[in-house]
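Student: Fold the following and give me the result.
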Amino acid sequence: MHHRYLLATVAALTLAACSKPAEEAAQPAEEAPPEVASADAGFPAEASARLAEILAAQPDEVKARYVHRHPQKTIEFFGIEPGMTVLEGLPGRGWYTKVLAPYLGSDGHVVGSAYSLEMYRLFPFASEEFMERQQNWTNSFPGDVAGWAGDDGASASAFHFGSMPEDVHGTVDAVFFPRVLHNLARFQNEGRADYLTIALTDAYNALKPGGIMGIVQHEAREEMPDDWAFGGNGYIKKSFVIEQMEAVGFEFVAESAINENPNDQPTTEDVVWRLPPSYRGAGDDAGKRAAVDAIGESNRMTLKFRKPL
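Tutor: Residues are numbered from 1 along each chain as shown. Here you go, the predicted structure:
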């Protein structure tokens with residue numbers, strides 16, 4: 001990590017580690033509620049400016065989604081800075097990776113992590129051609145990142161959940177899972193292998209002590225039925241996420257309203273993919289597309305966890 005960011009990172013982690021006992025002392029009868037933190041509180045100005053410049057350079061179709069995805073505030077909330085090693089869950093076509101790779105700089109590293117091949121085979125679209133691409137993904141991802149990173153960008157490596165290389169253990173500064181958990185939960189709850197726990201355990205083991213894990217995830221309202229909010233419709237409950245994270249050893253640090261969208265009020269008949277950018281069920285019907293455009297992208301929880309020191 002660049003030395004100019006190291007001191008800020010260590011200080012932030014030390015402050016967070018020292019503040020929890022004080023909170024517990026102030027409320028001995030029950031645990032203090034998690035902080036609802038400001039997205040950019042205490043974030044280094046130089047890193048913020050670098051991130052803003054990279055985001056401004058993205059294509060117009062990418063920037064059009066900033067109003068829904070809030071990448072600047074999200075990355076700053078999770079404390080991701082240049083020079084870090086960041087594990088990104090399910091990079092897909094690289095929407096976030098194309099920002100992280102140049103932003104992290106030549107001292108940074110992106111570790112891509114994707115669903116296991118066993119889990120990918122459970123999807124109805126998992127054709128032989130699709131599976132062949134996924135099988136080769138750990139080889140192709142570093143090359144893709146090299147093309148996105150530019151001359152002074154991050155290096156990259158990749159693995160599938162459940163087969164994390166030993167040399168990744170304890171090397172990661174921050175983990176970022178944007179909209180990754182619902183399918184892991186979906187297949188876990190259908191009685192197959194414990195894909196969700198495996199992925200979260202990989203994330204935990206990859207982090208350095210004190211490292212941060214950030215989650216952005218389609219959020220189901222707590223009053224929704226569990227048999228609807230199991231992941232297969234795209235939504236899961238915040239309480240479920242916190243429970244699963246704490247079960248593998250993470251500490252809940254903070255949450256943010258950055259990516260909340262109160263206009264998204266799904267019923268038990270709805271799936272998250274009815275919304276942009278998927279527009280499932282709308283087809284070419286201009287009226288239906290306008291109706292979901294008025295809602296916007298999904299309501300999303302933004303949660304920050306820490307691996308204990």
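Student: would Phe252 count as being in a strand?
Tutor: Yes - checked against DSSP: H, G, I helix; E, B strand; the rest coil, Phe252 lies within a strand.
Student: Let me see the contact set for it.
Tutor: By C-beta atoms under 8 Å, 6 or more residues apart in numbering, Phe252 lies in contact with Pro34, Ile242, Met245, Glu246, Leu303, Lys304, Phe305. Where you see a C-beta, it was placed from the backbone N, CA and C, and this is true even at glycine.
Student: Would you mind pulling up the elements that the helix or strand hosting Leu87 packs against?
Tutor: Per DSSP states H and E: Leu87 is located in strand 85-89. In terms of contacts (3 or more C-beta pairs under 8 Å, 6 or more residues apart in numbering; DSSP states H and E), strand 85-89 is packed against helix 97-104, strand 109-114, strand 172-178, helix 195-206.
Student: Walk me through which strands it pairs with, and which way each runs.
Tutor: Using DSSP bridges, strand 85-89 pairs in its sheet with strand 109-114 (parallel), strand 172-178 (parallel).
Student: hmm, back to that, just send the contacts of Phe252 back as a markdown table, with neighbour count too.
Tutor: Below are those laid out as a markdown table (neighbours: other C-beta atoms under 10 Å):
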| residue | neighbour count |
| --- | --- |
| Pro34 | 16 |
| Ile242 | 18 |
| Met245 | 20 |
| Glu246 | 12 |
| Leu303 | 25 |
| Lys304 | 23 |
| Phe305 | 28 |
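Student: From the residues you listed, which shows the smallest pLDDT?
Tutor: Ranked by pLDDT, these bottom out at Pro34 (48).
Student: what angle do the strand holding Leu87 and helix 97-104 make?
Tutor: 170 degrees (axes from the mean of the first three to the mean of the last three C-alpha atoms, to 10 degrees).
Student: how many degrees apart are strand 85-89 and helix 195-206 in direction?
Tutor: Using the same axes, to 10 degrees: strand 85-89 against helix 195-206 is 180 degrees.
Student: For strand 85-89, output the C-alpha coordinates as CSV.
Tutor: What follows is strand 85-89, C-alpha atoms only, in CSV (Å, rounded to 0.1, in the frame of the first residue of the first chain):
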residue,chain,number,x,y,z
THR,A,85,-5.6,-5.4,-2.1
VAL,A,86,-9.4,-5.7,-2.7
LEU,A,87,-11.4,-8.9,-3.1
GLU,A,88,-14.4,-8.2,-5.3
GLY,A,89,-17.2,-10.8,-5.3
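Student: quick one, helices of the stretch 51-200 of the chain?
Tutor: For the stretch 51-200 of the chain, the helices defined by DSSP state H, counting those that start in this stretch occupy 60-63, 66-69, 71-77, 97-104, 117-120, 128-149, 181-188, 195-206.
Student: from the middle of its chain, how far away would stretch 221-232 be?
Tutor: Counting by C-alpha atoms, centre = their mean, to the nearest Å, stretch 221-232 is centred 20 Å from the centre of its parent chain.
Student: quick check: mean pLDDT across that stretch?
Tutor: pLDDT averaged over stretch 221-232 gives 97.
Student: Name the residues of that stretch that come out as buried.
Tutor: Met224, Trp228, Ala229, Phe230, Gly231, Gly232 (16 or more other C-beta atoms under 10 Å).
Student: Tell me the span between the first and last residue of that stretch.
Tutor: From its first residue to its last, stretch 221-232 covers 15 Å (C-alpha to C-alpha, to the nearest Å).
Student: what's next to stretch 271-285, contact-wise?
Tutor: 65, 68, 182, 218, 233-235, 264, 266, 288-289, 291-293, 295-298.
Student: Just the C-alpha atoms of that stretch, please, in PDB.
Tutor: Output of stretch 271-285 as PDB, limited to C-alpha atoms (Å, rounded to 0.1, in the frame of the first residue of the first chain):
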ATOM      1  CA  VAL A 271     -38.800 -10.200  -8.400                       C
ATOM      2  CA  VAL A 272     -35.900  -7.700  -8.400                       C
ATOM      3  CA  TRP A 273     -35.300  -8.200 -12.100                       C
ATOM      4  CA  ARG A 274     -38.600  -6.500 -12.900                       C
ATOM      5  CA  LEU A 275     -36.600  -3.300 -12.300                       C
ATOM      6  CA  PRO A 276     -33.900  -1.600 -14.400                       C
ATOM      7  CA  PRO A 277     -31.600  -2.600 -15.900                       C
ATOM      8  CA  SER A 278     -33.300  -6.000 -16.500                       C
ATOM      9  CA  TYR A 279     -37.000  -4.900 -17.100                       C
ATOM     10  CA  ARG A 280     -38.200  -8.500 -16.800                       C
ATOM     11  CA  GLY A 281     -41.800  -8.700 -17.800                       C
ATOM     12  CA  ALA A 282     -41.900  -5.200 -19.400                       C
ATOM     13  CA  GLY A 283     -40.500  -6.200 -22.900                       C
ATOM     14  CA  ASP A 284     -41.000  -3.400 -25.400                       C
ATOM     15  CA  ASP A 285     -44.000  -2.000 -23.600                       C
END
